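Chemist: Sequence first, then the predicted structure, then my questions.
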Amino acid sequence: MLTTLPSNSGQSSSSSTSSEGCAVCGDKVNGNRYGVPACLGCIVFFRRAIIKQSTFNCQRNGRCEIDHKSRCTCRFCRLQKCLLVGMNPNSIQRRDMMGPRKKRVKEEEMSPEGASSFDLSPRPPSLPLSVSNGQNDQLISLLSKLQEHQRGHHRSWFTAGGPHAPDPSFIDGIRDLDSLLSRRWGVGVDPYSFHFPPPPHSLHAGSPTSSSSTSSSNSLEDINWTGLLRPKEEVDDYYLDKLRRARKQDINVMFHLAITDSSEWGGKFPIFDELPIIYKRELLKEYAIGFMLVDQGYNTSKQNDDTLWILQHDKVYMCTDYMHGLPKQDQILPQAETKAKLHPDFVLECISTVGSPMRDMQIELYECVILKSLLLFECFNVYPKERRGEIANIRERIITSLAAYEAVEHPHDGIERIGTLLLMISNIRNCILVTCRQLHCHDVFSLMKFEPLVADVLLNRDDVIGNYV
């Protein structure tokens, strides 16, 4: 149950009348429809919390400081501050219970010429009468194919060689951002037809490994898997349909894929491709993790266990119980207890802020393409100021494509789905911060050894690349 805190007249008055920013977090004011000046984020958050009668918990006993940088870290304290500064739950109106708005243009007032240009046939009220041909956008079609291609090879990365296989940087030769950005496909290679790593059925000991002599020496097809793979009987748990717990090797693989996949995705946008490498590294620190969370959130949404977070391989999971599925010999290791304390909050945050909302809306792969593309432009400060207009045009193009898709696939609730997806971006960004915290904590306290590419991009540790064994 929601509890309204006693109004503190001094704080409420000063916050409500402030012209500097949102009374809750200090961000840019969007309106005062619920009684006090507030930004769009706090308005939407307050409305959703009241309508859904949400109950939140605070791990700091209600003592969190709420501002525009930390407002997403504790929903309990954010809601309590909304109430404290004077937001009125009784001001919230649910239009879907009141009926649709009145038509702005009455049929009888329209000229015959105007009437002929409108479709007045009965229709679901959610979406506009017509949307430009955004669903056929060539860029979005290209990105959809790229996503299919990337997802099709995730399993091979996680199954190759089992828990004792070399780290991914030793398999594909990509050990830092420079080598990743300089990687080029062999001449004449179709990036949507190659098989890398080889499909799981060819990853058995003694199976042939191909290395095309016509490809460039930097081509991903030149990887020689001989000596990297263990006998099949030793890695049965790492093949296909058996659900298994993620191990340290899988964590390195998931971050490695996050960096390589997101970099390839960003390369389809000239504005990203033309950035200096220093800005690309800064951008990928967040974007690679957000990109990964979309893939993992989609996989998580397709299963019904609220305690599991599924990685890019849809049979590899992290559980809220760190010890679940962990071999007994590993449960008694010195660092196991420390990891068990850090692990649950991280996994729960991923599930509750990304996985569960995606499951509730039954997110589709096309919508994942949209999320990945929009996330690329969330780190606004990385891009040159003179290209902000170009970014706005790209975002509009992406959202137009989404609207066209929803108009066809979900005519009855398309607008609601668009709104849910756009709001989900803030959830993903919050989860990015949680993941970064977890990553750095494991690095600082030597709870895990990260492979070179992850250390270079996400941890920005050049020393690891030279000393990694």
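Modeler: Alright, I've got the coordinates.
Chemist: For Arg244, name its beta-bridge partners.
Modeler: Beta-bridge pairing for Arg244 (DSSP bridges): Val316.
Chemist: Count the residues that sit near it.
Modeler: The local packing of Arg244 (other Cβ atoms under 10 Å) involves 16 other residues. No exception for glycine: its C-beta is placed from N, CA and C like everyone else's.
Chemist: cool, and the one 5 residues further on?
Modeler: Counted with other Cβ under 10 Å, residues neighbouring Gln249 total 20.
Chemist: Show me what the one helix or strand it maps to is packed up against.
Modeler: Taking DSSP states H and E as the definition, Gln249 sits inside helix 248-266. When contacts are defined as 3 or more Cβ pairs under 8 Å, 6 or more residues apart in numbering; DSSP states H and E, helix 248-266 packs onto helix 138-159, helix 168-172, helix 177-182, helix 277-301, helix 365-375, helix 452-457.
Chemist: Compute the inter-axis angle for the longest one and helix 138-159.
Modeler: Helix 277-301 and helix 138-159 meet at an angle of 70 degrees, taking axes from the mean of the first three to the mean of the last three Cα atoms, to 10 degrees as the criterion.
Chemist: in the helix holding Gln249, what counts as buried?
Modeler: For helix 248-266, a neighbour-count test (16 or more other Cβ atoms under 10 Å) marks 249-263, 265-266 as buried.
Chemist: and that helix, C-alpha only, in PDB?
Modeler: In PDB, the C-alpha atoms belonging to helix 248-266 read as follows (Å, rounded to 0.1, in the frame of the first residue of the first chain):
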ATOM      1  CA  LYS A 248      33.300 -17.300 -15.300                       C
ATOM      2  CA  GLN A 249      34.000 -18.200 -18.900                       C
ATOM      3  CA  ASP A 250      30.400 -17.300 -19.800                       C
ATOM      4  CA  ILE A 251      30.700 -13.900 -18.200                       C
ATOM      5  CA  ASN A 252      33.700 -13.100 -20.300                       C
ATOM      6  CA  VAL A 253      31.900 -14.400 -23.400                       C
ATOM      7  CA  MET A 254      28.800 -12.300 -22.700                       C
ATOM      8  CA  PHE A 255      30.700  -9.100 -22.300                       C
ATOM      9  CA  HIS A 256      33.000  -9.800 -25.300                       C
ATOM     10  CA  LEU A 257      29.900 -10.400 -27.500                       C
ATOM     11  CA  ALA A 258      28.300  -7.200 -26.100                       C
ATOM     12  CA  ILE A 259      31.300  -5.100 -27.200                       C
ATOM     13  CA  THR A 260      31.800  -6.800 -30.600                       C
ATOM     14  CA  ASP A 261      28.100  -6.900 -31.500                       C
ATOM     15  CA  SER A 262      27.300  -3.300 -30.400                       C
ATOM     16  CA  SER A 263      30.400  -2.000 -32.200                       C
ATOM     17  CA  GLU A 264      29.200  -3.700 -35.400                       C
ATOM     18  CA  TRP A 265      25.700  -2.300 -34.900                       C
ATOM     19  CA  GLY A 266      27.000   1.200 -34.400                       C
END
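Chemist: quick one: average confidence on it?
Modeler: For helix 248-266, the mean pLDDT works out to 93.
Chemist: Can you give me the pLDDT of Gly31?
Modeler: Gly31 is assigned a predicted lDDT (pLDDT) of 87.
Chemist: If it is in a bridge, with which residues?
Modeler: Beta-bridge partners of Gly31, as defined by DSSP bridges: Ala38.
Chemist: Find the nearest non-adjacent residue to Tyr287, please.
Modeler: Nearest non-adjacent residue to Tyr287, counting by Cβ to Cβ, 6 or more residues apart in numbering: Ser262, 5.4 Å away.
Chemist: ok, that neighbour - contacts?
Modeler: With contact set as Cβ atoms under 8 Å, 6 or more residues apart in numbering, Ser262 has these partners: 284, 287-288, 290-292, 372.
Chemist: longest helix anywhere in the protein?
Modeler: helix 414-444 (DSSP state H).
Chemist: any weak-confidence spans in the stretch 201-350 of the chain?
Modeler: 201-241 (pLDDT under 70).
Chemist: 50 instead?
Modeler: 201-240 (pLDDT under 50).
Chemist: In the contacts of Ser262, find the pair that's most separated.
Modeler: Maximum pairwise distance among those (Cβ to Cβ): 13.1 Å, between Leu284 and Lys372.
Chemist: Domains in this structure, by residue range?
Modeler: For the chain, automatic domain parsing gives the domain ranges 9-91, 136-467.
Chemist: Now stretch 73-88: buried residues?
Modeler: 73-87.
Chemist: tell me the angle the helix holding Gln249 makes with helix 365-375.
Modeler: Using the same axes, to 10 degrees, helix 248-266 lies at 80 degrees relative to helix 365-375.
Chemist: What is the helix or strand just after helix 248-266 packed up against?
Modeler: Per DSSP H and E, the first helix or strand lying C-terminal to helix 248-266 is helix 270-273. Packed against helix 270-273 by the contact rule (3+ Cβ pairs under 8 Å, 6+ apart) you find helix 388-409.
Chemist: how many neighbours does the residue nearest to Cys436 when sequence neighbours are not counted have?
Modeler: Spatial nearest neighbour of Cys436, excluding adjacent residues (Cβ to Cβ, 6+ apart): Ile289 at 6.7 Å. When counting by other Cβ under 10 Å, one arrives at 24 neighbours for Ile289.
Chemist: show me the contacts for the closest residue to Val454 other than its chain neighbours.
Modeler: In space, and not counting its chain neighbours, Val454 is closest to Phe255: 4.4 Å by Cβ to Cβ, 6+ apart. Phe255 makes contact with 288, 292, 439, 450-451, 454, 458, according to Cβ under 8 Å, 6+ apart.
Chemist: Distance to Phe56 and neighbour count for those residues - can I get that in JSON lines?
Modeler: Output for the contacts of Phe255, formatted as JSON lines (distance: Cβ to Cβ, whole Å; neighbours: other Cβ atoms under 10 Å):
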{"residue": "Ala288", "distance to Phe56": "29", "neighbour count": "25"}
{"residue": "Met292", "distance to Phe56": "26", "neighbour count": "22"}
{"residue": "Leu439", "distance to Phe56": "25", "neighbour count": "20"}
{"residue": "Phe450", "distance to Phe56": "33", "neighbour count": "23"}
{"residue": "Glu451", "distance to Phe56": "37", "neighbour count": "23"}
{"residue": "Val454", "distance to Phe56": "32", "neighbour count": "27"}
{"residue": "Leu458", "distance to Phe56": "29", "neighbour count": "23"}
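Chemist: Just name the closest of those to Met323, please.
Modeler: Using Cβ to Cβ, these come closest to Met323 at Leu439, 21.2 Å.
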